[in-house]
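Participant: Just the structure for this:
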Amino acid sequence: MAKRHLSVLLDEAIEALQIRPDGRYVDCTFGRGGHSRAILQRLGDDGALLGIDKDPEAVAVGEALSSVDGRFRLQRGSYADLAVMVADLGWAAVDGVLMDLGVSSPQLDDPERGFSFLRDGPLDMRMDPDVGESAEGWLNRATEREITKVLKEYGDERFSRRIAAAIVAERSEQPIVGTKQLADVISKAHPSWEKGKHPATRSFQAIRIHINRELEDLREGLSQAVDVLGVEGRLAVISFHSLEDRIVKRFIRDQAQGDSIPKGVPVTVDQMNCRLKAVGGPVKPSIEEVEANPRARSAVLRVAERL
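Facilitator: Prediction:
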């Protein structure tokens, strides 16, 4: 049975892109195509949309859409390769880039993907299960210090050392192969946690981010998005945790400030190479959207325009 996915901040993101009927756009995280279909509804016959996704299930949905709508193309891969994908289409520039970050509901809800601790499944966590090392492979070979660093930096886990030590102790007895096994190890090692949150929440997030190189890809994708955007093109990014949002916020700020010039050097604004301007402030979901889709509660949309 197909798993339903609700696109977060759908209307707000589409409005932010200011879609032109004849424009060219990129949906960097196609997922199940909610944002892409909304973009296509606003495009005319001369418009075009490129969708990108690592996940083979998402790619299958995207290929089905491309077979019935000639304005849409789908590329399997990472938006860290955005510039190459745009160039391969022969596009000199695009009018808008959308990024909807993090893991999707179908990925979380499928225990076989290993993203969630709510139901037992193989410990994979790869958005593209055909590429790279699984969470199982990494957790069973990484040093205690490496695990501690990942849990601390990507999960902001206060008890990262205790949890890493428990993981290493567990694997010395038996390999760690399942999500429930890992969640149980973390829970037993965790002395306290936030009310209403599973003790493994931060650790699972951290491991997933590491396995998929999410923050590295985000930094590269943002940089390439600015390169491919035409003048007045829009960048819209939806993030779901503070690490992502901080990167997006600082990137837009730095691109708006331009080159770092020594104090006292006389330069004009044009010479500072400012490439973006922020459009409004952070946008968050309405109370109604959060009630309909609790996973939207932490979402933040930031928008910028190419100068």
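Participant: Is the closest residue to Gly62 other than its chain neighbours in a helix, a strand, or coil?
Facilitator: Spatial nearest neighbour of Gly62, chain neighbours left out: Leu74 (3.5 Å); criterion: CB to CB, 6 or more residues apart in numbering. C-beta coordinates here come from the backbone N, C-alpha and C atoms, glycine included. Secondary structure, DSSP: H, G, I helix; E, B strand; the rest coil: Leu74 is strand.
Participant: What's the per-residue pLDDT of Leu74 here?
Facilitator: Here the pLDDT value assigned to Leu74 is 98.
Participant: Let me see the contact set for it.
Facilitator: Contacts here follow CB atoms under 8 Å, 6 or more residues apart in numbering; on that basis Leu74 touches Phe30, Leu50, Gly51, Ile52, Asp53, Val59, Gly62, Glu63, Leu65, Ser66.
Participant: Going by distance to Val228, which of the residues you listed wins?
Facilitator: Leu50 (10.0 Å; CB to CB).
Participant: before we move on, the earlier item: format the contacts of Leu74 as TSV; extra columns: neighbour count, pLDDT and secondary structure.
Facilitator: Formatted as TSV, the contacts of Leu74 follow (neighbours: other CB atoms under 10 Å; pLDDT from 0 to 100; DSSP: H, G, I helix; E, B strand; the rest coil):
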residue	neighbour count	pLDDT	secondary structure
Phe30	29	97	coil
Leu50	23	98	strand
Gly51	29	98	strand
Ile52	26	98	strand
Asp53	28	97	strand
Val59	19	97	helix
Gly62	25	98	helix
Glu63	14	98	helix
Leu65	21	98	helix
Ser66	16	98	helix
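Participant: and Gly280, what element?
Facilitator: If you go by DSSP states H and E, Gly280 is not part of any helix or strand.
Participant: Not counting its neighbours along the chain, what's nearest it?
Facilitator: Val303 is the one closest to Gly280 (CB to CB, 6+ apart), at 6.2 Å.
Participant: which strands and helices sit next to the host helix or strand of that neighbour?
Facilitator: According to DSSP H and E, Val303 maps onto strand 300-306. Contacting strand 300-306 under the criterion 3 or more CB pairs under 8 Å, 6 or more residues apart in numbering; DSSP states H and E are the following elements: helix 10-17, strand 229-239, helix 242-257, strand 276-278.
Participant: Most tightly packed of these?
Facilitator: strand 229-239 (a mean of 22; mean count of other CB atoms under 10 Å).
Participant: what's that strand in contact with?
Facilitator: So strand 229-239 is contacted by 8-9, 13, 16-18, 92-102, 222, 225-226, 245, 248, 252, 276, 279, 299-307 (CB under 8 Å, 6+ apart).
Participant: Of these, grab the buried ones for PyMOL.
Facilitator: Here is the PyMOL selection string for the buried members of the contacts of strand 229-239, based on 16 or more other CB atoms under 10 Å:
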select buried, resi 8+9+13+16+17+18+94+95+96+97+98+99+100+101+102+222+225+226+245+248+252+276+279+299+300+301+302+303+304+305+306+307
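Participant: How about Ile209: what's its closest non-neighbour residue?
Facilitator: In space, Ile209 is closest to Tyr154, 4.3 Å off (CB to CB, 6+ apart).
Participant: Surely that neighbour is within a helix?
Facilitator: Yes. Secondary structure assignment (three-state DSSP) places Tyr154 inside a helix.
Participant: before we move on, back to that, would CSV of the contacts of Leu74 with distance to Asp81 be doable?
Facilitator: Output for the contacts of Leu74, formatted as CSV (distance: CB to CB, whole Å):
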residue, distance to Asp81
Phe30, 14
Leu50, 12
Gly51, 14
Ile52, 8
Asp53, 12
Val59, 15
Gly62, 16
Glu63, 18
Leu65, 21
Ser66, 18
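Participant: Counting neighbours, what do you get for Ser104?
Facilitator: 27 (other CB atoms under 10 Å).
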